[in-house]
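Engineer: here is a sequence together with a model predicted from it:
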Amino acid sequence: ALVHSPGKYVALGDAGDLVTSSDAQTWQCAGAGCTSDACADGFRSVVAWGDDVLAAGGVGFCEPVKRLDGGTFALRTATEDWRVVPADIGVVHGVSVGVSTGVVVGDGWAGSSPDGHDWQLQEIPTTGTLESVTWGAGTFVAVGVEGEMLSSPDGVAWNPLWSRTDEDLDDVAWGGDRFVAVGNAGTIVWSHDALNWEIGVTSSAVDLHGVAQGDDLWLAVGDEGTILESTDGIHWFAVTTGVGARLSGVAWDGESFVVVGSDVEEGRGVVLASPDGRHWTEFPLEAPGLRDVIATGQGLVAVGDDRALMAAGCVGTVATLDPQVRFVPFGELSYLTLAVDQTLESDAVVALEQSVDGVAEIPSSVTIPRGHTSVEIPVGGLGIGTTWVTAIVPDGLGGGATRARVEVVPAELGTRRPTGRRTP
């Protein structure tokens, strides 16, 4: 995990390992030294608390003499970098902040605090696992396994709710006029008042792990690189990403949506960004799997496995390929448009790759000229089939990658235009 402050880089790893560097190349342990062989820990949720940022998680099992089933908090204030402390409560699954109270939830429990330091466990009408909690419309709403759902006006007194589902619910969010909760098997439920819940409409059956609203658009994210979009929180449609990672958290920073997750096969974290929720750029990241992300007045904060605590002032250059699905007649030539979100001050050479050889003919790279924002990519139809075309912008622009699907079809089908109709 990596954070940067003027003149210093700070990396935080397993069990709170802390190393510092002035140039991001030469590193040294801070304090008494590194403890990587000690029990690993992780953060599951993060929230802004005024000008501060609070991350919460914990560890389920450690070696003998180490902690067993304990909570972990990390607090960053305006005057102090991250301070990681254990808590005498269970592993924290979700954290939220109301008007003056913070709430955490876990495996059959909920707790509240007036300051983020002293936490008091509260009686709740369930023994089921709670996975997430949010604040909106004057109430806290918590969700969990088998459709478990509770509400509280103050984080102290909790009442059961009927969520209309028995599926596990992983996340819940408030979008200004309604709550939306998401979970296993593509389950989405929504409510205006936290009392009366309805089932959302989607054809997705993939497990969903995160949901957020921004710029009049809802996004839900989940397994297999799944991203669903909705303008009303009720009707949801799949977005083409070309990413296969497990996506866990999503946030809106005022200009872009940012999604975080885990590439299980490669054992690393994943960060995606999009200006509109449809065109996505994946940025390279050497970090553990990420669970949650928020936008603050100072930028983005993401948290995850192995106590990952990451901060960024902004995302890199966001690139797009249009159309996101290009049908190319066999033996004919078509084009994709590659665009970036800024006018370039110098020529930018963008590398091109494809997932399956022999389907489409593309150049190995294209150049976006200085003073421009886009370039055309010729795509020839070599063989019937499907391939993903990936454009990778230079490291100086963030090194992000964006993808489009190319389908080479028989020539007699090439004149048929897809309807563009999306089915929930």
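Structural biologist: Everything's here; your move.
Engineer: spit out the contact partners of the closest residue to Gly399 other than its chain neighbours.
Structural biologist: Of all residues not flanking Gly399 in the chain, Pro284 sits nearest, at 5.0 Å (C-beta to C-beta, 6 or more residues apart in numbering). C-beta: built from backbone N, CA, C; applies to glycine. Each residue near Pro284 by C-beta atoms under 8 Å, 6 or more residues apart in numbering is listed here: 399-401.
Engineer: switch the cut-off to 10 Å
Structural biologist: In this structure, Pro284 makes contact with 268, 270-271, 316, 392, 395, 398-401, judged by C-beta atoms under 10 Å, 6 or more residues apart in numbering.
Engineer: before we move on, what about Val349?
Structural biologist: 365-368, 392-394.
Engineer: and these, which of them are buried?
Structural biologist: 366, 368, 392-394 (16 or more other C-beta atoms under 10 Å).
Engineer: narrow those to those in strands?
Structural biologist: In strands, defined here by DSSP state E, the members of those are 366, 368, 392.
Engineer: nearest to Asp166 among the residues you listed?
Structural biologist: Set against Asp166, the nearest of these by C-beta to C-beta is Ile392 (43.4 Å).
Engineer: identify the bridge partners of that closest one.
Structural biologist: Ala351, Ala401 (DSSP bridges).
Engineer: then Thr320?
Structural biologist: Thr320 has the following beta-bridge partners by DSSP bridges: Ala339.
Engineer: mind starting the numbering at 24 from now?
Structural biologist: I'll keep to 24 as the first residue from here, and by that count the last item is Thr343.
Engineer: I'd guessed it sits against Pro298; true?
Structural biologist: Yes: at 8.1 Å, Thr343 counts as touching Pro298 under the criterion of C-beta atoms under 10 Å.
Engineer: which neighbours do these two have in common?
Structural biologist: 304, 364.
Engineer: which one of those two is surrounded by more residues?
Structural biologist: Neighbour tally, Thr343 and Pro298, criterion other C-beta atoms under 10 Å: the higher count belongs to Thr343, 22 against 16.
Engineer: just the pLDDT for that one.
Structural biologist: Per-residue pLDDT puts Thr343 at 95.
Engineer: can you tell me the helix or strand for Gly394?
Structural biologist: In this assignment (DSSP states H and E), Gly394 forms part of neither any helix nor any strand.
Engineer: list the contacts of the residue nearest to it when sequence neighbours are not counted.
Structural biologist: With C-beta to C-beta, 6+ apart as the criterion, Gly394 has its nearest non-adjacent residue at 6.3 Å, and that residue is Thr366. Under the criterion of C-beta under 10 Å, 6+ apart, the neighbours of Thr366 are 391, 393-396.
Engineer: if we use 8 Å, what do you get?
Structural biologist: Per C-beta under 8 Å, 6+ apart, neighbours of Thr366: 394-396.
Engineer: export the residues you listed to JSON lines and tack on distance to Ala228, neighbour count and pLDDT?
Structural biologist: Output for the contacts of Thr366, formatted as JSON lines (distance: C-beta to C-beta, whole Å; neighbours: other C-beta atoms under 10 Å; pLDDT from 0 to 100):
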{"residue": "Gly394", "distance to Ala228": "47", "neighbour count": "10", "pLDDT": "97"}
{"residue": "His395", "distance to Ala228": "42", "neighbour count": "14", "pLDDT": "97"}
{"residue": "Thr396", "distance to Ala228": "38", "neighbour count": "13", "pLDDT": "97"}
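Engineer: closest to Ala261 out of the residues you listed?
Structural biologist: Ranked by distance to Ala261 (C-beta to C-beta), these are led by Thr396 at 27.6 Å.
Engineer: my guess is that closest one contacts Leu367. True?
Structural biologist: Yes: between Thr396 and Leu367 there is a contact at 7.1 Å, judged by C-beta atoms under 8 Å.
Engineer: what about the stretch 324-447 of the chain, any weak spots by pLDDT?
Structural biologist: Along the stretch 324-447 of the chain, the model assigns pLDDT under 70 to residues 436-447.
Engineer: residue contacts, Ala204?
Structural biologist: Neighbouring residues of Ala204 by C-beta under 8 Å, 6+ apart: 155, 164, 166, 172, 186, 192, 194-196, 211-213, 220, 234.
Engineer: Trp275 versus the residue lying closest to Thr409 once chain neighbours are set aside, what's the distance?
Structural biologist: Distance criterion C-beta to C-beta, 6+ apart; nearest residue to Thr409, sequence neighbours excluded, is Glu430 at 5.0 Å. Separation of Glu430 from Trp275 (C-beta to C-beta, to the nearest Å) stands at 32 Å.
Engineer: can you tell me the closest non-neighbouring residue to Trp241?
Structural biologist: Trp241 sits nearest to Ser253 (C-beta to C-beta, 6+ apart), 4.2 Å away.
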